[in-house]
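In: prediction below, plus the sequence it came from.
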Amino acid sequence: MRAVVRVVIGLQLMCCVAFGLRAEPLRLVTEAWPPYVYEENGQPTGLDYEITREGLRRLGREMQLQFMPWKRCLLAMQQGQADGILDVFYHPSREASMQFASEPLSDIEFVLFYSRSRPFRYRHIDDLRGLVIGISAGYWYNDDAFRTAQTFRREEGPSHEANIGKLARHRVDLVVNDRRTGMFLANRLGLGRKISYNATPVGQDNLYLALARTAELRTLAQAFSEELRRFKAEPAYAELQARYAESPAPDKAARKNHKQKVKQYKKGLSDARNREMRKYYEEMKQKQEEMMKMREEQGDAQKPITL
């Protein structure tokens, strides 16, 4: 009896995802953080935007994305004014207002950017003593040493672009941001040859899709995670990663790091294509074996019966 109840509940949840949730687009909020999510010619785009849109499309869902400052994004979730938030770091304190899809959209790497006219080599947190570091308002940095150190001063910027501009004008000594984001913004601002970064990261984290805490959206979050895991094994996912790889920085160490990242993306694409080919040949082999078996059975049936 319990097994029957579980099946019925499972079917109801599947129907909820497949049909009931189609009625209205999912209202998502985020702050522009290229190349993961941003606006271009008035339209949302970016690596994680495309990944999320594809995952929801496979589940029969549409999404509406609204850009706003990060603190307002978090407030919108707390006040129930949004169905979800795109590209958010996991932290236990956030579970009160949102539930996270278990599969991450992207892996990010926080690095220290510097002006090429004032090169800076970073190896350890003690190297930052006495410096002014530009940070992003409302952002959570998961590296304990960087977040709690009292040996340097943190200065919040009104936007990621503002931080890059302050760095170019020497108003801060360094800026911490994601590796791909920092180089993307520097190139878009025409500062790509004036800004570089240290390859040694000050922290790593994951970006997630988080949804409001309702039973309906909990089901969607679970289904989205499963669909995202399947998508990551496909060539289309690796192609997206390669397309949004950051432009190489002028610094030698950063260029080397960039080449290694691009090599990883290309290997991922090759591996995904190989998996697709193996799957195709295995299916063809199985079909061939089934056809042979059918022919053998038909041949046996047509043999005359001897007494």
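Out: Yes, it's here. Residues are numbered from 1 along each chain as shown.

In: could you use CA atoms for every contact and neighbour count after this?
Out: OK.

In: start and end of stretch 224-244, how far apart?
Out: As for stretch 224-244, its first-to-last residue distance stands at 22 Å under the measure C-alpha to C-alpha, to the nearest Å.

In: can you check stretch 190-201 too?
Out: 24 Å.

In: can you check stretch 103-123 too?
Out: Taking C-alpha to C-alpha, stretch 103-123 runs 31 Å from one end to the other.

In: next one: it to chain centre, how far?
Out: For stretch 103-123, the separation from the chain centroid amounts to 18 Å (computed by C-alpha atoms, centre = their mean, to the nearest Å).

In: just stretch 154-166 next, same as before
Out: Computed by C-alpha atoms, centre = their mean, the chain-centroid distance of stretch 154-166 equals 23 Å.

In: stretch 72-89 now?
Out: Mean-position distance between stretch 72-89 and its chain equals 17 Å (C-alpha atoms, centre = their mean).

In: ok, stretch 209-228 next?
Out: Stretch 209-228 sits 15 Å away from the centroid of its parent chain (C-alpha atoms, centre = their mean).

In: let me know the average pLDDT across it.
Out: For stretch 209-228, the per-residue pLDDT values average out at 96.

In: what's that stretch in contact with?
Out: Around stretch 209-228, the neighbours that count as contacts under C-alpha atoms under 8 Å, 6 or more residues apart in numbering are 13, 16-17, 51-52, 55-56, 58-59, 77, 80, 82-88, 97-105.

In: element containing the residue lying closest to Glu103 once chain neighbours are set aside, please.
Out: Once flanking residues are discounted, Glu103 sits nearest to Ser225: 5.0 Å by C-alpha to C-alpha, 6 or more residues apart in numbering. Element membership of Ser225 [criterion: DSSP states H and E] is helix 215-232.

In: give the buried residues for that helix.
Out: Across helix 215-232, burial judged by 16 or more other C-alpha atoms under 10 Å covers Leu217, Arg218, Leu220, Ala221, Ala223, Phe224, Ser225, Glu227, Leu228, Phe231.

In: same question, stretch 79-97
Out: So for stretch 79-97, counting by 16+ other C-alpha under 10 Å, buried means Ala82, Asp83, Gly84, Ile85, Leu86, Asp87, Val88, Phe89, Tyr90, Arg94, Ser97.

In: quick one: the fourth one from Ala101, how far?
Out: Yep, that's Ile85 we're talking about. Counting by C-alpha to C-alpha, the separation of Ile85 from Ala101 is 11 Å.

In: and what of the fifth one?
Out: Leu86 sits 11 Å away from Ala101 when distances are taken as C-alpha to C-alpha.

In: which residues do these two both contact?
Out: Taking C-alpha under 8 Å, 6+ apart as the contact definition, Leu86 and Ala101 share the neighbouring residues Tyr208, Leu209, Ala210.

In: correct me if wrong: the first one contacts Met98.
Out: No. Shown here, Tyr208 and Met98 do not form a contact pair, counting by C-alpha atoms under 8 Å, at 11.2 Å.

In: so which of the buried residues of stretch 79-97 is the closest to Glu24?
Out: The shortest gap between Glu24 and any of those belongs to Asp83, at 10.9 Å (C-alpha to C-alpha).

In: what's the separation between the closest one and Met63?
Out: 10 Å.

In: repeat for Val37
Out: Relative to Met63, and taking C-alpha to C-alpha, Val37 is found at 14 Å.

In: more neighbours: which of those two?
Out: Comparing Val37 with Met63 by other C-alpha atoms under 10 Å, the one with more neighbours is Val37, at 22 against 17.

In: dump the residue contacts of the more buried one.
Out: Contact criterion C-alpha under 8 Å, 6+ apart gives Glu31, Pro44, Thr45, Gly46, Leu47, Asp48, Tyr49, Asp87 as the residues in contact with Val37.

In: quick one: which of those is most hemmed in?
Out: Asp48 (26 neighbours).

In: still on that earlier bit, now do the shared contacts for Asp83 and Met63.
Out: Common neighbours of Asp83 and Met63, using C-alpha under 8 Å, 6+ apart, are Leu26, Arg27, Leu28.

In: name the helix or strand for the second one, please.
Out: In this structure, Arg27 sits in strand 26-30 according to DSSP H and E.

In: extract the CA atoms of that strand and return them as CSV.
Out: Below are the C-alpha coordinates for strand 26-30, written out as CSV (Å, rounded to 0.1, in the frame of the first residue of the first chain):
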residue,chain,number,x,y,z
LEU,A,26,9.3,31.8,-13.3
ARG,A,27,10.2,35.3,-11.9
LEU,A,28,13.9,35.3,-11.3
VAL,A,29,16.1,38.2,-10.1
THR,A,30,19.8,38.7,-10.3
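
In: noted, bye for now.
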